[in-house]
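Engineer: Sharing a sequence plus its predicted fold:
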Amino acid sequence: MEFIKLKQIDKGWSSFIYLVKEKTTNKIYILKETREKSNRKELAKREGSMLSLANSVGIGPKIKKIDYENNGVIMEYIKGKEISKFIFEDFEKITKYQLYELIKDLYRQLYKLDKINLSHNQLLGGKNILITKKRKNYFPIIIDFEKSNLKEKTKNIGQIDSFLFYNPNSEIAKKIREKLEIKL
């Protein structure tokens, strides 16, 4: 499998994110690759193993290839919007029922992660939850498992409870509570 880098679409402290194209199929994927200055030298091993575990229960972008030699992971390209941006930019487009179904699906995914003791550790703020739309429905996809780990007591659901509903200073929680008619 050979891939061609098309463009850099994001960068974090420890990695670059690229759109890549598989040479033989022309299919588009994401490549997450370690930055040279990063102190995290085992991105492929860490992200690859945690994302593989998440994939085993149907969560996250599907892994195409773990490249240990170049310290990167090639995975399914998810076209979506971070949940925070979605709520501020597209919230008027979603119905109460669609929002309820989206949140229910997110909790189903978090429950699956909790059942296998996989703690994501970076769900607050919503940057690692992408919202996609298929037909008339919206779906959450949890991404970025680099800082995930295995814990006996995970806090995935607790983080999302706070982020989506209970943070008294959050405009996101306020909008969601209003749309779902939830009173605290």
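Structural biologist: Cool, the structure landed.

Engineer: Where does the record place the domain boundaries for the chain?
Structural biologist: Following automatic domain parsing, one finds the domains of the chain at 3-76, 81-180.

Engineer: would you turn those into a markdown table with mean pLDDT and mean neighbour count?
Structural biologist: In short, each C-beta sits where N, CA and C put it, glycine included. Rendered in a markdown table, the data for the domains of the chain read as follows (pLDDT from 0 to 100; neighbours: other C-beta atoms under 10 Å):
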| stretch | mean pLDDT | mean neighbour count |
| --- | --- | --- |
| domain 3-76 | 93 | 17 |
| domain 81-180 | 94 | 17 |
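
Engineer: and the residue nearest the centre of the chain, how far is that from residue 24?
Structural biologist: The geometric centre of the chain, computed from its C-alpha atoms, lies nearest to residue 143 (C-alpha atoms, centre = their mean), at 2.1 Å. Note on residue 143: its distance to residue 24, by C-beta to C-beta, to the nearest Å, is 25 Å.

Engineer: got it, and residue 41?
Structural biologist: On the measure of C-beta to C-beta, residue 41 and residue 24 end up 30 Å apart.

Engineer: Is it correct that residue 152 falls within a helix?
Structural biologist: No. With DSSP: H, G, I helix; E, B strand; the rest coil as the criterion, residue 152 is assigned coil and is not in a helix.

Engineer: Name the nearest residue to it, sequence neighbours excluded.
Structural biologist: Leaving out its chain neighbours, the residue that sits closest to residue 152 by C-beta to C-beta, 6 or more residues apart in numbering is residue 117, at 6.2 Å.

Engineer: after the biggest helix by length in the chain comes which helix or strand?
Structural biologist: The helix of greatest length in the chain, counted in residues with DSSP state H as the criterion, is given as helix 96-115. For helix 96-115, the succeeding helix or strand toward the C-terminus, using DSSP states H and E, is strand 118-119.

Engineer: And the contacts of that next one?
Structural biologist: Where contact means C-beta atoms under 8 Å, 6 or more residues apart in numbering, the residues beyond strand 118-119 that reach it are 50, 53, 54, 113, 145, 148, 149, 150, 151, 154, 155, 156.

Engineer: Not counting residues beside it along the chain, what's closest to the fifth one?
Structural biologist: When you say that, I think you mean residue 145. With C-beta to C-beta, 6+ apart, the residue lying closest to residue 145 is residue 50, at 3.9 Å.

Engineer: cool, the fourth one as well?
Structural biologist: With C-beta to C-beta, 6+ apart as the measure, residue 156 is the residue that lies nearest to residue 113, at 5.2 Å, once sequence neighbours are left out.

Engineer: residue contacts, the one you found?
Structural biologist: With contacts defined as C-beta under 8 Å, 6+ apart, residue 156 is in contact with 110, 113, 114, 119, 120, 123.

Engineer: same thing with residue 100?
Structural biologist: With contact set as C-beta under 8 Å, 6+ apart, residue 100 has these partners: residue 180.
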